[in-house]
Every structure is written in C-alpha cells, then in structure tokens.
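> Mind folding the following:
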Amino acid sequence: MKKLLMALVLFAPMSLEAALFDWEYSYGNPYLATSQTHITSTSNAVLYTEGSVRLWKPNVGASTEAATTPGIINYHFDFGQATTEIELWLNMPTFHWSYSRGHNFLYGSTDGVNFTQLAEVTTPAFGTANDQGTVAIPVSFIGTSDLYLRVELYSFGRSASAGGVLTNTAQLSRYDVNSNNTSFRLNANFAPTAAAPEPGTMSLGLVGLI
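Sure, this is the predicted structure:
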C-alpha cells in the first residue's frame, strides 16, 4: 500500500494553480472588467461572442498574411519588486477554415520599448487548431519589477477583410461560459526580504556589551 501511495504522489500531474506564488493574476471571461485591468491599449482587436464562447480577435484581416494588420492587445504588469520567478500560461489558439486562417505571436519586454518574441502559434492544417499554453519566460526577464506583453493576432484569407466571424481564426483568451475555463494566468515570486530585528532583541544585545 505504501508503494502504491508513493507512486500516486510521484506521478500526480503538476499545475500552476497548485503552486503558491507571491503575486498571482488570472481570468477566464475576457469581457469582465477584472480581465482588462492590465490591458493598456488595443489596436484592430475586438471582443467577440460565439454562442457560449468569449474571445479577443482581430477586427478585420486581409487576403494575405503580408497584407494583414494584426489585432494587437498590450498588457503591463507592475509586480512592485524584483522577481525571482515568472510563470505565464495563456489561451491563444489559431484555426484554419475555408474563409480564413490564423497566425499568432506573443512578445515580451521589461521596459516597454525593447520586445522579444516569447511564443508563436502557427497556422494549423485545414480544419484543425493550434494553441499555446505555457510560455517560457527568458532568464533575462527575471530580476525586474515590470513585464510588458504584446499579443499580435493575424487572420488572413479569402474573406478575412470582411471581419466579424470571418476573422475568428486568430484568438486570445478563448473562454467558454459552460466550462468556466481559465484563459490567462500569470504568477510571480519575489526574493525573501530580511526581517528587521525586534526592538527587545536589540536592547538585550546592547546590554551584553556594557
């Protein structure tokens, strides 16, 4: 029995939600005000509803990817102190249908000026989807107190210039009200701070030196 219990512990799936972090932020439905707290600006990006699903997508696209103006969502997270660990997970799917197809990019920065590509969700095979999930944060991003994220959503193809449902092939924060899923999660840890000595302890130390 002990061996069986040990095996269950060793092979239990780990998740970001199961861990404890100094700073935590997540959301499901992108329409909620709390889901937009850290969004600083958007361009050619709109919130969209498809039945029970809520999502960000480009407002309009173009016939080719080269001619497409992406839908852009910018985030800024101020942690308040230097980080020792950052973990990011986001739902950023692409689809490929007869009317259009998607191609998504995620960029990150610590100063809001110089951005590094963190993730790419490529165009999938026809009739299928790709998604991102966990994003690897570069070591160079650790030790700073700010994180800037820029999402670029490209929807392009035969009918993408019409917008509406025809640009639903590039998405961010896809959320289904029936499943109440998390669509974005960011966690961070900070270096422990040294506790100041209690006044009584300091006094006793001085008395010992007299």
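
> out of everything not next to it in sequence, what's closest to the most centrally placed residue in the chain?
With distances taken as CA atoms, centre = their mean, the residue of the chain nearest its centroid is residue 90 (4.0 Å). Spatial nearest neighbour of residue 90, excluding adjacent residues (CB to CB, 6 or more residues apart in numbering): residue 184 at 4.9 Å. From N, CA and C alone the C-beta is placed, and that goes for glycine too.

> so how many other residues sit close to the one you found?
Neighbourhood size, residue 184 [other CB atoms under 10 Å]: 21.

> My guess is it contacts residue 151. True?
No: under the criterion of CB atoms under 8 Å, residue 184 lies out of contact with residue 151, with a separation of 10.1 Å.

> So which residues of this structure form helices?
Per DSSP state H, the chain carries helices over the ranges 2-10, 199-209.

> Now do the contacts for the nearest residue in space to residue 45 that is not next to it in sequence.
Spatial nearest neighbour of residue 45, chain neighbours left out: residue 71 (3.6 Å); criterion: CB to CB, 6+ apart. Residue 71 makes contact with 42-46, 56-59, 152-155, 167, 170, according to CB atoms under 8 Å, 6 or more residues apart in numbering.

> Do you know the pLDDT at residue 71?
Here, the pLDDT recorded for residue 71 equals 98.

> start the count at 852, not 1, going forward
All right, first residue 852 from here; so that's residue 922.

> And it, how far from residue 956?
Using CB to CB, to the nearest Å, residue 922 is found at 11 Å from residue 956.

> tell me the contacts of the closest residue to residue 995 other than its chain neighbours?
Computed as CB to CB, 6+ apart, the closest residue to residue 995 that is not its neighbour in sequence is residue 961, at 4.4 Å. Residue 961 sits next to 991-992, 995, 997-999 when contact means CB under 8 Å, 6+ apart.

> what do you get if the cut-off is 6 Å, keeping everything else the same?
Shown in contact with residue 961 (CB atoms under 6 Å, 6 or more residues apart in numbering): 992, 995, 997.

> just to revisit the earlier point, look up how far residue 941 lies from the residue nearest to residue 896.
Counting by CB to CB, the gap from residue 922 to residue 941 is 15 Å.

> Equivalent analysis for residue 871, please.
21 Å.

> again with residue 1019
According to CB to CB, residue 1019 stands 17 Å off from residue 941.

> Check residue 883 too.
Distance, residue 883 to residue 941, by CB to CB: 16 Å.

> beta partners for the closest residue to residue 1018 other than its chain neighbours?
Closest residue in space to residue 1018, ignoring its immediate chain neighbours: residue 1006 at 3.8 Å, by CB to CB, 6+ apart. Beta-bridge pairing for residue 1006 (DSSP bridges): residue 953.

> OK, contacts around residue 1006?
909, 912, 951, 953, 1018, 1020-1021.

> Let's see that with 8 Å instead.
908-909, 912, 919, 922, 951-953, 1017-1021.

> same check, this time on residue 896
Counted by CB under 8 Å, 6+ apart, residue 896 has contacts 907-910, 922-924, 1004, 1023.

> what do you get if the cut-off is 7 Å, keeping everything else the same?
The contact partners of residue 896, by CB atoms under 7 Å, 6 or more residues apart in numbering, come to 907, 909-910, 922-924, 1004.

> So for stretch 1003-1019, mean pLDDT?
Across stretch 1003-1019, pLDDT averages out at 98.
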